[in-house]
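[1] model the structure of this input:
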Amino acid sequence: MEHNVLKPGEGAQASSSLKNQMSQVIRLSIPAILAQISSMAMQYIDAAMVGSLGANASAAIGLVSTSTWLMSGLCISLATGFSVQVAHLIGGGREDEARSVLRQALVCALAMGLLLAGIGMSISGRLPFWLGGDGQIRPDASSYFLIYASALPAVQIRQLSGSMLQCSGNMRTPSLLNALMCLEDVVFNALLIFPGFTLPLVEVHVPGAGMGVAGAALGTALAEWVTALLMAGAVCLRSPRLRLVGTAGRWRPTRKCLANAARIAVPMAFEHTVLCGAQIASTRIVAPLGNVSIAANSLAVTAESLCYLPGYGIAAAATTLVGQSLGADRRDLARRFARLSVLLAVLLMSVMGVLMFLLAPAVFALLTPDPAVRALGSRVLRIEAFAEPLYAVSIAAAGAMRGAGDTLVPSILNLVSMWGVRITAAALLAPRIGLTGVWIAMCGELCFRGVLFLIRLLRGRWLERNLRV
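    Residues are numbered from 1 along each chain as shown. Modelled structure (predicted):
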């Protein structure tokens, strides 16, 4: 089912009820949150399966995880650059033009995916050395990143297709397909990581490839490729507003479409580079602390995703609602949707923060059998729980601002916050109090970032960045 905020030309009374607006935010947020849950579950599954192989295996993946996030973030940036245009066009009732943008986006996405794959595969051999990893974990870390990089075309197509569906108002299909990807990952990982396993209940032994860390990467890569094909089929063949079957249009990118995409995507790519660059710098700070700290840090980041996944789901809904509202020339409605989205994100992430504080030891018991990693990971994860309310503000507000095409200022705010606060504080605290100091710095920075985004949201200048599509 696809959802439109309101049709072009509807009067000021349309969608004026606060209850109705919150209902729309929730209705679009729930499928997006479920998609985030499936993504988080896949991370937990990978972490738990690899964690069973020992601390070194977890550390190998943890060493390059920030680099994989950087590549994925660049894919998201390109996808957003085109999908926000589609949200505006659909909000304005210009569906033929929206399909034209989709065609051009698919061409650019394939080219970008191949380019990123080439770059990633070419640096995979040296990356663990550049990141300061221990000699014991470098071979596994290198093979993991090489295999992941080979799947980047699939990651790009999946991100683009899912974003297009979401911005057309269809949150359900991407959610279901991302959940399916999670199940695929379980099956592929089980077959590829271990030499064999026994199915519960039926007691049937299934042989496996026994590839270890490389098997985890290959399982994820296969799940990405299958889901990318299904997601692209959903948007190109089945979407009522965007399907390309039986319609004619331009595939060669136009200057206007590329300029609009660049206006959104380039600052977002810069933002992801800043954030992931800071996370890579953080990895460099953590690496000298030893493999237990690397593993605990990586698994704690995975565990923390349980707290912020509602925020990212709501942010996706906010992008759609704000984009369609502005496309229908309803700036007042866009402002209200943005504020309601932030309020909902704060409420949900605050609850998740409390639960994470209470359940941190139990969560780590699921992720690793290593007692030292469990103890350290639980301690730092509880520190982060205090940052969740203001972290929610930054996530949801950024999603709303993306819907208006405002990505430059948020990227600058992230630059100031990450490098000016987190990395500086972590570099000072890590030699003195270890991994705990790194996470204290992270907690303080997320609170600072939330305040910056709240000020920008309330001032409302981000609404002046509206695209002209």
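[2] quick check: which ranges of this protein have low pLDDT?
    Residues of the chain meeting the criterion pLDDT under 70: 1-17, 28, 31-32, 34-47, 197, 199-202, 465-469.
[3] show me where it has its strands.
    196-199, 204-207 (DSSP state E).
[4] out of the ones you listed, which is the most enclosed?
    strand 196-199 (a mean of 12; mean count of other CB atoms under 10 Å). C-beta: built from backbone N, CA, C; applies to glycine.
[5] coming back round to it: TSV for the strands of the chain, including distance to A117?
    Listed next are the strands of the chain as TSV, based on distance: least, CB to CB, whole Å:
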stretch	distance to A117
strand 196-199	31
strand 204-207	30
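[6] chain center to stretch 383-391, what's the gap?
    Centre-to-centre, stretch 383-391 and its host chain are 18 Å apart (CA atoms, centre = their mean, to the nearest Å).
[7] buried residues, that stretch. List them.
    I383, E384, A385, A387, E388, P389, L390, Y391 (16 or more other CB atoms under 10 Å).
[8] again with stretch 180-197
    Neighbour-count burial for stretch 180-197 flags 180-182, 184-186, 188-194 (criterion: 16+ other CB under 10 Å).
[9] so which of those residues comes closest to A111?
    Lowest distance from A111 to the buried residues of stretch 180-197 (CB to CB) belongs to M181, with 23.4 Å.
[10] correct me if wrong: the closest one contacts A223.
    Yes. M181 is within contact range of A223, at 4.9 Å (criterion: CB atoms under 8 Å).
[11] looking at the buried residues of stretch 180-197, which two lie furthest apart in space?
    Checking the buried residues of stretch 180-197 with CB to CB, the most distant pair is L180 and F194, at 22.2 Å.
[12] near F453, how many other residues are there?
    F453: 27 surrounding residues under other CB atoms under 10 Å.
[13] same question, S58
    31.
[14] that one against M49, yeah?
    No. At 10.3 Å, S58 and M49 do not qualify as touching, with contact defined as CB under 8 Å.
[15] any idea how far A269 lies from L413?
    Note on A269: its distance to L413, by CB to CB, to the nearest Å, is 16 Å.
[16] what's the answer for L428, then?
    L428 is 22 Å from L413, by CB to CB.
[17] out of the two, which sits in the busier spot?
    Neighbours per residue (other CB under 10 Å) separate L428 from L413, with L413 holding more: 20 against 12.
[18] find the nearest non-adjacent residue to the more buried one, please.
    Nearest residue to L413 in three dimensions, chain neighbours excluded: L452, at 4.7 Å (CB to CB, 6 or more residues apart in numbering).
[19] likewise G403?
    The shortest distance from G403 to any non-neighbouring residue, by CB to CB, 6+ apart, is to V322 (3.0 Å).
[20] and I383, by the same measure?
    I383 sits nearest to W439 (CB to CB, 6+ apart), 4.6 Å away.
[21] the one you found against V380, yeah?
    Yes. Using CB under 8 Å, W439 is in contact with V380, at 3.9 Å.
[22] more neighbours: the two, which one.
    W439 (29 against 26).
[23] wait, what's in contact with that one?
    A300, V380, L381, I383, E384 (CB atoms under 8 Å, 6 or more residues apart in numbering).
[24] next, format those residues as JSON lines and append distance to I76.
    Output for those, formatted as JSON lines (distance: CB to CB, whole Å):
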{"residue": "A300", "distance to I76": "23"}
{"residue": "V380", "distance to I76": "26"}
{"residue": "L381", "distance to I76": "25"}
{"residue": "I383", "distance to I76": "27"}
{"residue": "E384", "distance to I76": "23"}
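[25] in helices only, show me these.
    The helices, defined by DSSP state H, take in A300, V380, L381, I383, E384 from the contacts of W439.
[26] compare the strands of the chain and give me the one nearest A398.
    A398 lies closest, by CB to CB, to one member of the strands of the chain: strand 196-199, at 41.0 Å.
[27] tell me the one of the buried residues of stretch 180-197 nearest M352?
    Using CB to CB, these come closest to M352 at C182, 19.0 Å.
[28] quick check: the gap between the closest one and G233.
    Taken as CB to CB, the span from C182 to G233 is 19 Å.
[29] got it, and L89?
    22 Å.
[30] can you check L180 too?
    Separation of L180 from G233 (CB to CB): 13 Å.
[31] likewise for V373?
    For V373, the distance to G233 - CB to CB - is 41 Å.
[32] looking at those two, which is more packed in?
    Set V373 next to G233 and count neighbours by other CB under 10 Å: V373 wins out with 27 against 14.
[33] surely the more buried one is in contact with S58?
    Yes. In this structure V373 lies within contact range of S58 using CB under 8 Å: 7.2 Å.
[34] now do the buried residues in stretch 446-463.
    L446, C447, F448, R449, G450, L452, F453, L454, R456, L457, W462, L463.
[35] ok now it, how far from the chain's centre?
    Counting by CA atoms, centre = their mean, stretch 446-463 comes out at 20 Å from the chain centroid.
[36] only alpha carbons, please: show that stretch as CSV.
    C-alpha atoms of stretch 446-463 as CSV (Å, rounded to 0.1, in the frame of the first residue of the first chain):
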residue,chain,number,x,y,z
LEU,A,446,25.6,12.6,21.1
CYS,A,447,24.0,14.9,23.7
PHE,A,448,25.8,17.9,22.3
ARG,A,449,24.8,16.9,18.7
GLY,A,450,21.1,16.6,19.8
VAL,A,451,21.1,20.1,21.2
LEU,A,452,22.5,21.5,17.9
PHE,A,453,19.9,19.8,15.9
LEU,A,454,17.1,20.8,18.2
ILE,A,455,18.1,24.5,17.9
ARG,A,456,18.1,24.2,14.1
LEU,A,457,14.7,22.4,14.0
LEU,A,458,13.0,25.0,16.2
ARG,A,459,14.4,28.0,14.3
GLY,A,460,12.9,26.6,11.1
ARG,A,461,15.4,27.9,8.6
TRP,A,462,15.8,24.4,7.1
LEU,A,463,12.4,24.8,5.5
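[37] ok, and what's touching it?
    So stretch 446-463 is contacted by 326, 331, 334-335, 338-339, 342, 384, 386-387, 389-394, 397-398, 400-401, 404, 406, 409-410, 413-414, 416-418, 421 (CB under 8 Å, 6+ apart).
[38] mind running it again at 7 Å?
    Residues outside stretch 446-463 that contact it (CB atoms under 7 Å, 6 or more residues apart in numbering) are 331, 334-335, 338, 342, 387, 390-391, 393-394, 397-398, 401, 404, 406, 409, 413-414, 417, 421.
[39] do stretch 424-435 as well
    By CB under 7 Å, 6+ apart, stretch 424-435 touches 282, 285-286, 289, 293, 296-297, 376, 380, 437-438, 440-441, 444.
[40] reformat those as CSV; add distance to F145.
    Shown next, in CSV, are the contacts of stretch 424-435 (distance: CB to CB, whole Å):
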residue, distance to F145
S282, 17
I285, 20
V286, 17
L289, 21
S293, 20
A296, 21
N297, 17
L376, 25
V380, 24
G437, 27
V438, 22
I440, 29
A441, 26
G444, 30
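[41] may I ask which of those has the most neighbours?
    Highest count within the contacts of stretch 424-435 by other CB under 10 Å belongs to A296, 34 neighbours.
[42] closest to T227 out of the contacts of stretch 424-435?
    N297 (28.2 Å).
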